[in-house]
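In: With the input below, show me the fold.
(chains A and B)
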Amino acid sequence: MTRTALGDLEHQALIATLRLKGEAYSVSVVQEIEARTGREVAQSAVFIAMRRLEAKGLLQSRIDDQLEEPGRVRRYFDLTAAGMERLREMRRALVSLWDGFTAELEGTQ
Amino acid sequence: MNWLLGRLLRWTLGEVDARVLWSELEEAHNRKVAEGSRAAANRWRRREVLRAALLSLATRLRRGPRLGRATERPVPGASASWETLAGALRDIWFALRALRRRRMFAVVAVVTLGLGIGAATAMFSVVDAVLLTKLPYVAPNRIATVWLGRLARRDVEGLRDSWNYVNLTDDQYRAWRQHSTLFQAVAMYNASPWGEGTLTGFGRPARVSVGTATASLLPVLGVNPTLGRWFLPDEEGGLHGQAAQVVVLSHEMWTQRFGSDPAVLGRTLVLDGVERTVVGVLPAGFRLRWLTASSLGTRETSSKELWLPYGNEWDCVGCGSSMYQAVGRLAPGVTFDQALSETRAILSQDASCPFSSCAAEEMVVRLVPREEDETRGLGSPLILLLAATGVLLLIACGNIATLSLGELHGRRQELVTRGALGASRGKIVRQLLTESVILGLLGGLLGVLVAVAATQFLLMLAPPIPGIAAVGINFRALAFAAAIGMLAGLMFGTAPAVLAARESIGAALRAGGRGSTGGGRRFQRSVVALEIALTTVLLVTGGLLSRSLAHLLAVDPGFDPENLATVDVSLPETRYPTQDAQARFVTDVLAQLEAVAGIRTVTAANGLPFPGTTASWGLRDADADADLLQLSAKLFHVTPGYFETLGIPLVSGRTLTEADGRDAPPVAVVSESLARRMWPNESPIGGRIRYPWTTVTVVGVVADVQREALNREVELTFYVPFAQFTRGNVSFAARTYGDPRLVIPLLRQAVWSVDGDLAIGRAGTMRSLMSRSASDERYRTQLMGAFALLAAVLAAVGVFGVTARAVAQRNREMGIRVALGARETELVGTMLRGNLITGLAGTGAGLVAALLATRLVSGFLFGVRTWDPTTYIVVAALLSSICLAATYVPARRIARIDPVDVLRAE
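Out: Residues are numbered from 1 along each chain as shown, chains lettered A, B, ... in the order given. I've put the predicted structure just below:
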């Protein structure tokens, strides 16, 4: 299967899903990204992006309609094995790209 | 609002995801409400829903362009219909992107189409308003007009066209009303062009048109006044006495002269010196055509400004003059045939006829559906013009077809790649067709804008066609534009798309994306030939109409129209009740005018040629034995000097002089054709003519004069002295030394210096009146000519484009031939020859088609045959030269081909 590049938001949503450990749905992912990056993201955009990642086989999801509050529904996302592998690759690539620059960057802050 | 947002989400995301996302947005929404304002939270949620919808659409569309991909994972939860829609949206999205890349082509195509569609839509809106719009009556198909025809008149000179369009007399109408049982209601009206009056009390006295009708007219038509009421039955006059002094205004009169003031009801108007009370206002767009034997053309409309109840001063109650149009509404369940036999029975018993022989002659009674009468004679010229715009649009489509085929050659690489990636032929054809239809729709959009401007232009040029005031770009015109835009897109898109699909893969790969294939070139050539053929038809038609118009305007009217200034005045009976008073007024004005410098001679009559609206009368030889109606002729009352001033030559005898005064023996001068008809073998001088009221002795014969229009047969005419017989209308004519336009104000002043309360009607030079009489002909000739020229330009562009592309595509071949020693002139010659063959084939086919098509216009031609050789030869020569010129310019480029460059590019 051909590999398609991931957008910023898709990238961030994948990492947030990893962090939230099975509790990732649009509201929690938005909070996670906003808290970590300080950047506002749109909830719908996150939802659609995660569905797109699911279509690409990087995420899987389940619908939970047995929540405390009656009538509520959430779609929880989890990383698939392929998604996990993709994250590792991305991290490896970035780390190797950044290799050797840590000191300079920290110093300029 | 929430319901709407929910719908939007469901539509874009599918049922499940919509529910989930809505619920999750709700969670965040609740938190935001708790933190801040509810309004802000609502705004936020709206934005998020819209964003979700757009993103979801975009996600799907982005998948689209990869036509080569064999499988696509359907988005979970999406329905089948959504998939179809998404497919269509994908095609549109892709087509728009493809067109944006080829902006030049798109602009040329859209502009060409816009012009074609604009012309067609504008013409359609005219046809729609005049012919297709239902009459503003209740159940118009149940209304009938009664027409009489007198068989004895069928062969009478001057009545041949119109013998069966005779109106009823008021006595005949009364008999019909009294005895008919199969009609719900019957009515009559008189809207003849000579019903005019003088309105005073509003600034300058104004001449207004006046119609007369019975109280039953509006009920028969099923029309209600906008304001107030129509006449009541007891307001009608008749044999028992005068009509009530009430008046109903037309909508135009009400808006223009009274500023749409509702308080106009109850106001009094002074019409011809009599006070009349306004009781009602007719609705806008009220349409009631007045047809008479002599005006079956398009000119007469019923734009009467004021309506009076029957039995007023304009009516000649019981006079026996056939001046009333009778209409009736059939009773429920009654057929036209039943109603006709009853009407025939009633009217054939009637003996109200000015001649004792009438009862004996066979009378034809006809009932014509009102719809037919309202549009009679209007259809064919308009349909002809609409057809011409259709042909124009076809030519435009042909141009775009060849253009887009050329474009496809340029896109060959792209199509080949797509095909190689697995896109089916069907998919490619669909994609190309989508592009064409989008071009068509864009062209339609531009066409609507063009049509809005063009209808204004059409209205400016148009002669007074009934209903034309209602022309506008309405919903139907918009639908028409969209439909023909789409159709045009399919038309010019299909052939290239199919050709492209058939050839794209194998052939193109072999050709290495270069060169035009035989099928494509053949197609282009046939399209160009077809365009030339269609252009030929339009040019021939336009040419014939132009020649016909030229013939028409060159007709010798029988008098000298140069340096003649004219002005019309109506003399209200209330102010000029006696013949003496009228004659005195005319004498006074003539005396004033004779003193004016710049006027050579001056005369007065009850009417002048063009339009020469005076009544026709039945005549017979007073000394002949047979008491039969012999002829129908126009009667003019003229002052001495009439023939001299108008320049009508005297043939024999004498003209009328001052000696033919009131108490002198009644005399007449007759036209040559009348003299010939009445006294074929003897001198008419001394002959006696009897017409309904009196007998006159012929003292002179003058040349024939064209009166109503230049293309009518000459009408039989006789002239009697103004002093002996006067009528309510007077026209003055002055022969000037210099520019007649300068004299017109002096004519007006002279009239007003004698009586400042008189309204002046038409004033103008005789030349302008004559030219106005040909306005119908000029209108269709101008439009047809414009369409034909536009067609020629489009065809030239087509030939040019195809040749230019052929030169570019055969660059390599030409380069090699040049390298091998071919001379440029030979190569250019090859090109010219090829296109000349195409052009000649097209022209030839077009000439044959024109021979057939111009039969449709034969009725509009005057003095020209449909196969007029001059027109055909000129058109053929013109098109061949256009074809050669349009070939030569791009073909010359061959001369600039450098074989080294071409071969290096390999």
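
In: If you drop the residues flanking it in sequence, what lies closest to the residue of chain A found nearest chain B?
Out: Nearest residue of chain A to chain B: A:Ser44, at 3.6 Å (C-beta to the nearest C-beta). C-beta here means a position set from N, CA and C on the backbone, and glycine is covered the same way. Counting by C-beta to C-beta, 6 or more residues apart in numbering or on different chains, B:Ala52 is the residue found nearest to A:Ser44 once chain neighbours are left out, at 3.6 Å.

In: Which residues are in contact with that neighbour?
Out: By C-beta atoms under 8 Å, 6 or more residues apart in numbering or on different chains, B:Ala52 lies in contact with A:Ser44, A:Phe47, A:Ile48, B:Leu9, B:Thr12, B:Leu13, B:Leu21.

In: ok so it is a helix residue?
Out: Yes: membership of B:Ala52 in a helix is supported by DSSP: H, G, I helix; E, B strand; the rest coil.

In: I'd like the distance between it and B:Ala58.
Out: For B:Ala52, the distance to B:Ala58 equals 11 Å [C-beta to C-beta, to the nearest Å].

In: rewinding a little: return the member of the contacts of B:Ala52 nearest to B:Arg142.
Out: Among the contacts of B:Ala52, B:Thr12 lies closest to B:Arg142 (C-beta to C-beta), at 53.2 Å.

In: Can I get the helix or strand encompassing that closest one in CSV, CA atoms only?
Out: Here B:Thr12, judged by DSSP states H and E, is contained in helix B:2-13. Written as CSV, here are the backbone C-alpha positions of helix B:2-13 (Å, rounded to 0.1, in the frame of the first residue of the first chain):
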residue,chain,number,x,y,z
ASN,B,2,-30.4,22.7,15.5
TRP,B,3,-32.6,20.6,13.4
LEU,B,4,-31.1,22.2,10.3
LEU,B,5,-27.6,21.7,11.6
GLY,B,6,-28.4,18.1,12.4
ARG,B,7,-29.7,17.5,8.9
LEU,B,8,-26.6,19.1,7.4
LEU,B,9,-24.4,16.7,9.5
ARG,B,10,-26.4,13.7,8.6
TRP,B,11,-26.3,14.6,4.9
THR,B,12,-22.5,15.0,4.9
LEU,B,13,-21.3,12.5,7.5
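
In: ok, now which ones touch B:Gly493?
Out: B:Ala401, B:Ser404, B:Leu432, B:Leu433, B:Glu435, B:Ser436, B:Val437, B:Leu439, B:Gly440.

In: Which helix or strand in chain A has the lowest average pLDDT?
Out: helix A:102-108 (a mean of 64; mean pLDDT, DSSP states H and E).

In: With chain B instead?
Out: Ranked by mean pLDDT, DSSP H and E, the weakest helix or strand in chain B is helix B:506-511, scoring a mean of 48.

In: Following the chain past that one, name the next helix or strand.
Out: Following helix B:506-511 in sequence, per DSSP H and E, is helix B:518-553.

In: same for that next one, what does it pack against?
Out: helix B:379-410, helix B:475-504, helix B:775-809, helix B:824-853, helix B:869-891 (3 or more C-beta pairs under 8 Å, 6 or more residues apart in numbering or on different chains; DSSP states H and E).

In: Out of the ones you listed, which gets the lowest mean score?
Out: Ranked by mean pLDDT, the helices and strands packed on helix B:518-553 bottom out at helix B:475-504, with a mean of 80.

In: So which bits of that helix are buried?
Out: Neighbour-count burial for helix B:475-504, counted by 16 or more other C-beta atoms under 10 Å in any protein chain shown, picks out B:477-478, B:480-482, B:484-486, B:488-489, B:491-493, B:495-501, B:503-504.

In: Stretch B:262-270 now?
Out: B:Val264, B:Leu269, B:Val270.

In: and which of the residues you listed is nearest to B:Gly842?
Out: B:Val264 (62.2 Å).

In: which SSE is B:Arg676 in?
Out: helix B:672-678.

In: Which elements pack onto that helix?
Out: Counting by 3+ C-beta pairs under 8 Å, 6+ apart, helix B:672-678 packs on strand B:616-621, strand B:631-638, strand B:694-702.

In: coming back round to it: where does the residue of chain A closest to chain B fall, secondary structure wise?
Out: Counting by DSSP H and E, A:Ser44 is found in helix A:43-55.

In: what residues does chain A put near chain B?
Out: A:25-27, A:30, A:42-45, A:47-48, A:51-52, A:55, A:63, A:71-75 (C-beta under 8 Å from any C-beta of the partner chain).

In: Filter those residues down to the buried ones and hand me the ChimeraX line.
Out: The following ChimeraX line selects those of the residues of chain A next to chain B that are buried, judged by 16+ other C-beta under 10 Å:
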select /A:25,26,27,30,42,43,44,45,47,48,51,52,73,74,75
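
In: Now do the helices in chain A.
Out: A:8-20, A:26-37, A:43-55, A:81-98, A:102-108 (DSSP state H).

In: related to what we said a few turns ago, in TSV: the helices and strands packed on helix B:518-553, plus distance to B:Arg207.
Out: Listed next are the helices and strands packed on helix B:518-553 as TSV, based on distance: least, C-beta to C-beta, whole Å:
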stretch	distance to B:Arg207
helix B:379-410	30
helix B:475-504	36
helix B:775-809	21
helix B:824-853	44
helix B:869-891	43
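
In: So what touches the helix holding B:Arg676?
Out: By C-beta under 8 Å, 6+ apart, helix B:672-678 touches B:157, B:619, B:621, B:630-631, B:633, B:651, B:670, B:684, B:687, B:689, B:698, B:701-704, B:714, B:716-718.

In: Closest residue of chain B to chain A?
Out: Counting by C-beta to the nearest C-beta, chain B gets nearest chain A through B:Ala52, at 3.6 Å.
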